[in-house]
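> 3D, please:
(one chain, ligands or ions: 1)
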Amino acid sequence: MPVLRNRGSSNLMNLKNLFASLACMALVLTACYGGQPTLAPPAPTTAATPEPAITATIQPAAPRPTASPAPATPPPTTPGTLPVYTYRVVGTYPHDPAAFTQGLVFDGESLYESTGLLGRSSVRQVDLDTGNVLRRRELPASAWGEGLAIYRDRIIQLTWQSNLGFVYDRNTFELLWTFNYPWEGWGLTHDGQRLILSDGTATLHFLDPMTFIETGRVEVTDASGPVNRLNELEYINGEVYANVWQTDYIVRIAPDTGKVTGRIDLTGLLDRATLRGPVDVLNGIAYDPRQDRLFVTGKLWPYLFEIKLVERQ
Ligand SMILES: [Ca+2]
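Sure thing, here's the model as predicted:
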């Protein structure tokens, strides 16, 4: 039966080969596909949550942040090294408690004021005796009003971080043009020849009043070093008076050297115990050269004060 055996053997071999082939194919199929994870169905997509709308808000009447925080100015230099002045109140006037005062000027007849806060910034002409706003112009909602100066027939107003200044007709408040500068805008005054600008540091910038190009600068220093956070300014009899932000002090500065020549301590000027609404810091200096009157106020203060300086002995 060799044939049969052979045939049988051959058939058996063929059958084995068939099974082997099938097994191999199964292994190959397993190897090829058995370990592969099936494609997962697309993950359910989460509906995109809309970003909360950023709404323009009026910033609270809180101390503003600074782009470059500077160390707080130390207390007044020890008496004896610099004159220190206190004050005597000789007049109290109403002041708009909604005015976040950033710039203050007196032109002999009226006060002119720049106010800050986004959405509440303005330039205004104010009657000294009544506090009534005689003329007012709002700033764009994106602009935060800052320092203010009157130069000839123009009103010049800074903004805080927009690098943008506004020039208005003094009589009509018509916007004449705008200009740019590369610093933060804090305080502004002029000495008759130059605009003087503070930027929140110890530096005073001098600008051409027609082109607004910087013509010089000086660092303000006292015995302790640079005096930072110079805010609202007023040029008075050859000196620059500057509010020091978040303090009750005004420093008197020799503009050509930057040296502080004296400090004015206005602690206690506003009796906060009697106030109903919130107030912010002392800010705002205006001077009436004809009658030698010095006016000061603060952000959201309900009063503006005329004071006389008293040198502390
Ligand atoms: Ca001023």
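> alpha carbons only for contacts and neighbour counts from here, please
OK.
> which residues does the residue lying closest to residue 222 once chain neighbours are set aside bridge with?
Leaving aside its sequence neighbours, residue 222 sits nearest to residue 260 (C-alpha to C-alpha, 6 or more residues apart in numbering; 5.3 Å). Beta-bridge partners for residue 260, by DSSP bridges, are residue 253.
> Residue 260: neighbour count?
Taking other C-alpha atoms under 10 Å as the criterion, the count of residues near residue 260 is 22.
> ok now do it, which residues does it touch?
Counting by C-alpha atoms under 8 Å, 6 or more residues apart in numbering, residue 260 makes contact with 220, 221, 222, 251, 252, 253, 254.
> Could you export those residues as TSV, including distance to residue 302, neighbour count and pLDDT?
Shown next, in TSV, are those (distance: C-alpha to C-alpha, whole Å; neighbours: other C-alpha atoms under 10 Å; pLDDT from 0 to 100):
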residue	distance to residue 302	neighbour count	pLDDT
220	31	24	98
221	33	18	98
222	32	18	96
251	23	26	98
252	25	26	98
253	28	22	98
254	31	17	98
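> Which of these sits closest to residue 300?
Nearest to residue 300 among the contacts of residue 260, counting by C-alpha to C-alpha, is residue 251 at 21.7 Å.
> Is the helix or strand hosting the closest one positioned near the ion?
Here residue 251, judged by DSSP states H and E, is contained in strand 249-253. No: Strand 249-253 lies out of reach of the ion by C-alpha under 5 Å from the ion, never closer than 11.8 Å.
> how distant is that strand from the center of its chain?
22 Å (C-alpha atoms, centre = their mean, to the nearest Å).
> and it, what other elements does it pack with?
Here strand 249-253 touches strand 239-244, strand 260-265, going by 3 or more C-alpha pairs under 8 Å, 6 or more residues apart in numbering; DSSP states H and E.
> can I get the ones you listed in TSV with distance to the ion and mean pLDDT?
Shown next, in TSV, are the helices and strands packed on strand 249-253 (distance: least, C-alpha to the ion, whole Å; pLDDT from 0 to 100):
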stretch	distance to the ion	mean pLDDT
strand 239-244	8	98
strand 260-265	15	98
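> Please name whichever of the ones you listed is nearest to residue 185.
For these, proximity to residue 185 was assessed by C-alpha to C-alpha; strand 239-244 is nearest, at 13.9 Å.
> Which elements pack onto the closest one?
Applying 3+ C-alpha pairs under 8 Å, 6+ apart, one finds that strand 239-244 makes contact with strand 230-236, strand 249-253, strand 282-288.
> what's the angle from that strand to strand 260-265?
50 degrees (axes from the mean of the first three to the mean of the last three C-alpha atoms, to 10 degrees).
> and the angle for strand 239-244 with strand 230-236?
For strand 239-244 against strand 230-236, the angle by the same axes, to 10 degrees is 160 degrees.
> before we move on, back to that, which of the helices and strands packed on strand 239-244 sits most buried?
Most buried of the helices and strands packed on strand 239-244, by mean neighbour count (mean count of other C-alpha atoms under 10 Å): strand 230-236, with a mean of 27.
> Show me what residue 304 bridges to in the sheet.
Applying DSSP bridges, one finds that residue 304 bridges with residue 93.
> Can you name the residues of the protein sitting close to the ion?
Residues of the chain lying close to the ion (C-alpha under 5 Å from the ion) are 104, 105, 233, 234, 285, 286.
> Adding pLDDT, write those residues out as a markdown table.
As requested, the residues of the chain next to the ion are exported to a markdown table (pLDDT from 0 to 100):
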| residue | pLDDT |
| --- | --- |
| 104 | 98 |
| 105 | 98 |
| 233 | 98 |
| 234 | 98 |
| 285 | 98 |
| 286 | 98 |
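> Quick one: these as JSON lines, columns for distance to residue 136 too.
Shown next, in JSON lines, are the residues of the chain next to the ion (distance: C-alpha to C-alpha, whole Å):
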{"residue": "104", "distance to residue 136": "14"}
{"residue": "105", "distance to residue 136": "15"}
{"residue": "233", "distance to residue 136": "21"}
{"residue": "234", "distance to residue 136": "22"}
{"residue": "285", "distance to residue 136": "20"}
{"residue": "286", "distance to residue 136": "18"}
